[in-house]
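Chemist: Okay, here's the prediction I keep looking at, along with the sequence it came from:
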Amino acid sequence: MEAAQSYSLQDLAAACGGEVVGDARTLIRGVGTLEQAVPGEITFLTNTLYRDLLSETRASAVILGAVDRHATLLPRIISDNPYACYARVAQRLFPFPRAVPGIHPSAVVDPTARISASASIGPQVVIGGGAIIGEGVVIGPGCVLGENVLLEDRVWLYPKVVIYAGCRIGPRCILHSGVVLGADGFGMARDQSGWVKIPQVGRVLIGADVEIGANTTVDRGAIEDTIIEEGVKLDNQIQIAHNCRIGAHTVIAGCTGISGSTRIGRNCRIGGGVGMVGHLDICDGVTVSGFSLITKSIAQPGVYTSSIPSQPHRTWMETLANLRALPQWVKKLRALEQDIQKLKEE
Amino acid sequence: MEAAQSYSLQDLAAACGGEVVGDARTLIRGVGTLEQAVPGEITFLTNTLYRDLLSETRASAVILGAVDRHATLLPRIISDNPYACYARVAQRLFPFPRAVPGIHPSAVVDPTARISASASIGPQVVIGGGAIIGEGVVIGPGCVLGENVLLEDRVWLYPKVVIYAGCRIGPRCILHSGVVLGADGFGMARDQSGWVKIPQVGRVLIGADVEIGANTTVDRGAIEDTIIEEGVKLDNQIQIAHNCRIGAHTVIAGCTGISGSTRIGRNCRIGGGVGMVGHLDICDGVTVSGFSLITKSIAQPGVYTSSIPSQPHRTWMETLANLRALPQWVKKLRALEQDIQKLKEE
Amino acid sequence: MEAAQSYSLQDLAAACGGEVVGDARTLIRGVGTLEQAVPGEITFLTNTLYRDLLSETRASAVILGAVDRHATLLPRIISDNPYACYARVAQRLFPFPRAVPGIHPSAVVDPTARISASASIGPQVVIGGGAIIGEGVVIGPGCVLGENVLLEDRVWLYPKVVIYAGCRIGPRCILHSGVVLGADGFGMARDQSGWVKIPQVGRVLIGADVEIGANTTVDRGAIEDTIIEEGVKLDNQIQIAHNCRIGAHTVIAGCTGISGSTRIGRNCRIGGGVGMVGHLDICDGVTVSGFSLITKSIAQPGVYTSSIPSQPHRTWMETLANLRALPQWVKKLRALEQDIQKLKEE
């Protein structure tokens, strides 16, 4: 993939604090995989499984760990953390596009909103009264911000993000299209007339450097706030219910749902398609395997799982039949134990 | 959380039909939890587990059940149903914001649409020909209504709801941002050329007082209509396929998917992350535990479950290995039975 | 459901290559189910289970397979593939609405975008620089297309689709509301400062005749492209992660999530609520049962399953307890084997 501008290998190494081996003036104009890179591109090796591909890559340079320092003759960047080095090199090559400061004439901005002069407000954006938009913020086309929303500096909203009234987004957050922050939590009380809506009067507070994937939803708190701490990364199509708190630098993969009032610690890694029931406390450093269900609080870091990998249908149906017959087998087993006990005593 | 206006405890008790004990003139200006409330706020106790927190709350008043009448000296509202009472008190304190009637100049409304004078049509709304918008309806910024959509009185659409042509929404429904009603159901026939699209010509009909959460989708019927009856509450990110019918006052938690032509009865409670296959009949009063799969019709009210709570990864992997080995264990068990039978006969 | 225009049975049979039996001049103005059709409507029988309903239908004509040729006296269309015949008949009766060519004055189109004269660009659409919009394309209200997006001829975008920069959509694709194509994949590297974002510089490439359901998301590739081949049909609320490739004519039901870099073959049928981990290769012709998890590559066509249908809660809890106790039962079983061995040897 070609960047808009070339950089020398020396420039790119500086971006990630890596060491150049070979011709530091090599010009790089894009990134590629080991297999698909073309001349002019830089690639990376982070998994020794792929070391054999090194000899055949057409890339002009490679990012490698110290252990692979001599694994190629290509110009290269040696790094303690080649994957993070690649991330920073790619950020240098593919910076966020420049957005032109100013408010597009089709945007509808309440006169009481305070918009930084350096912010870029796209076409058909709607911003409610009392909102505050920080320096360098970019709001893509069609976003809607309710009253008193706060976007701190350099927040980037892709098109069609909705942020309900009162929510606050920390600096440098990235919100992808279709994200809805601050919709009402699912709170109601039953009486004889049916379900009575409980007003959801808390907010959503998002810390610094959070990224939220497309069509993910985070509900506002019922009374207190729903909180996403700094550095959290949420994938697409995640649902975070009211009053949750997600600890700093925790990552959650797509299609996961977290029920109300559950608190997840820092540096957790939650897989895709996971469910968590409400009112749990998950400590720091927990990993949950994809497609697992968490129904109890977790006080010990570690990996937790309940997912079942599929099998050929017929095999699985047999397993399932046996699973359901387990109570019978257990009964038989107990009967056998008694039989044997008797036989022994004879 | 602070409201825009204060109310006396007497006023608030009237909102829910509760009885005041203590100073009925106590002024309340917000709500809080037992632990977090500050003076001027009202709180509630619905779970006796938290009764100990009563003595330490800083709230100015409490909503309690009759059983807890004497559990505090604070001014209080006594109610048969303290949670529903709290809901109505909070509704009094935090009413829906007033929307200014009229059509924003940036909205694009087909001249054949009929818009009540009391309706509020926000910026950049698009309304198709033949649509009918009732009294007191609020349509948030960026909503799109297809031709002949009907919104009955006091429907509230948050920003960026899409309603396809011909769908009808009952009075007082609340639809959150990102909801899509009436998209085509997933219907196609296979022939030698590939998949042939089956036009989806039914509609979505929504009864009164339904609330639908952010990014939830309800597909239009293939031939007949998809129907959501009155008082149903749908959480975020739910998918309701074509031709489904959801019975009155049923609630469905987030991330659940209901396949085509399934009918769910009245007063059901469907957990989050649930799946239902198509063409089922689920009777009234069924509860489905979160993360469970329903593959057969249900004719008896009760609770249905197939979810598996997670365990530490290693423990679970052992369980899983044993599960897969079940056919072998069952075979061994049968051999043992025969052995013992022989030993007995000896 | 009534169409805008009537057609003779002869016309409709021509649409699907079927044979008319009975009065070919019968006028048809709509479609209905066997049970609900009214005079003037055509219905169809594809499942012999419902053959008894034929005698009571009020429809004016029926589409049937050759085996049911004599099962009714109604005017009828006989087809080798009555369901596909119905699809084409319904397409004739309910064609896509005509969209008026031209660009709505409220749309914001970059002057460097090339828009075919026959395309219809709805209100409040935003189209970025360098985009190319083919013949007969319809872009519904509020869609946002980034820079250099390509829509080939007769693509139909329902309201509020977002397509990020550089993505390409093949001819005749249908994208429903809330679809987000080309958002950043979930890629980041960990270093001491937290998670470092890896720029996602690939694109999303969609082949011809693909339909994508409401609120489904397809992420752009990290380096190479994410590819959806021709004829693929994706239901609502699906998540396709970066670098995936979905083979031609594969169908995926709602709420399914496919993790990064997984490749699914042609003519697969993936159920709803399915999960697939990343970096898998699924061969052509694979069926995955709804609610199943795929954790390994699949090289043999067939049906794969790991889903567990629910049971009454108490029954399931017993099964679950036995499942968790399996290691103990296995231990006991082994002890019994030894006991019996001893008894035998005595």
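Modeler: Looks like it arrived, so ask away. Here the structure is a predicted model, which means the values were calculated and not measured.
Chemist: quick one: contacts for the closest residue to residue A:170 other than its chain neighbours?
Modeler: Leaving out its chain neighbours, the residue that sits closest to residue A:170 by C-beta to C-beta, 6 or more residues apart in numbering or on different chains is residue A:208, at 4.0 Å. Where you see a C-beta, it was placed from the backbone N, CA and C, and this is true even at glycine. Residue A:208 makes contacts with A:152, A:170-173, A:230-231, as judged by C-beta atoms under 8 Å, 6 or more residues apart in numbering or on different chains.
Chemist: got these as a markdown table, with pLDDT, neighbour count and secondary structure columns?
Modeler: Rendered in a markdown table, the data for the contacts of residue A:208 read as follows (pLDDT from 0 to 100; neighbours: other C-beta atoms under 10 Å in any protein chain shown; DSSP: H, G, I helix; E, B strand; the rest coil):
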| residue | pLDDT | neighbour count | secondary structure |
| --- | --- | --- | --- |
| A:152 | 98 | 19 | coil |
| A:170 | 98 | 21 | coil |
| A:171 | 98 | 18 | coil |
| A:172 | 98 | 18 | coil |
| A:173 | 98 | 23 | coil |
| A:230 | 98 | 18 | coil |
| A:231 | 98 | 21 | coil |
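Chemist: and residue A:38, how many residues sit next to it?
Modeler: 13 (other C-beta atoms under 10 Å in any protein chain shown).
Chemist: I'd assumed residue A:32 was in contact with it.
Modeler: Yes. The pair residue A:38 / residue A:32 is scored as a contact, 6.3 Å apart, by C-beta atoms under 8 Å.
Chemist: what is in contact with the two at once?
Modeler: residue A:59.
Chemist: picking that back up, any chance of the backbone angles for the residue nearest to residue A:170?
Modeler: phi -70, psi 150 (degrees, to the nearest 10).
Chemist: Output the below-cut-off pLDDT ranges for chain A.
Modeler: For chain A, no stretch has pLDDT under 70.
Chemist: Domains in it, by residue range?
Modeler: Here the domain parsing of chain A from automatic domain parsing is A:2-93, A:102-304, A:314-346.
Chemist: Reformat these as a markdown table; add distance to residue C:130.
Modeler: Shown next, in a markdown table, are the domains of chain A (distance: least, C-beta to C-beta, whole Å):
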| stretch | distance to residue C:130 |
| --- | --- |
| domain A:2-93 | 13 |
| domain A:102-304 | 16 |
| domain A:314-346 | 50 |
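Chemist: Over to residue A:51: give its phi and psi.
Modeler: phi -60, psi -30.
Chemist: Pick out the residue closest to the middle of chain A.
Modeler: Nearest to the mean C-alpha position of chain A, by C-alpha atoms, centre = their mean, lies residue A:234 at 2.7 Å.
Chemist: Would you map the helices across chain A?
Modeler: A:9-16, A:82-93, A:313-345 (DSSP state H).
Chemist: ok, and what's touching the lengthiest strand in chain A?
Modeler: What stands out as the longest strand in chain A, according to DSSP state E, is strand A:2-8. When contacts are defined by C-beta under 8 Å, 6+ apart, strand A:2-8 is touched by residues A:24-31, A:40, A:92-94.
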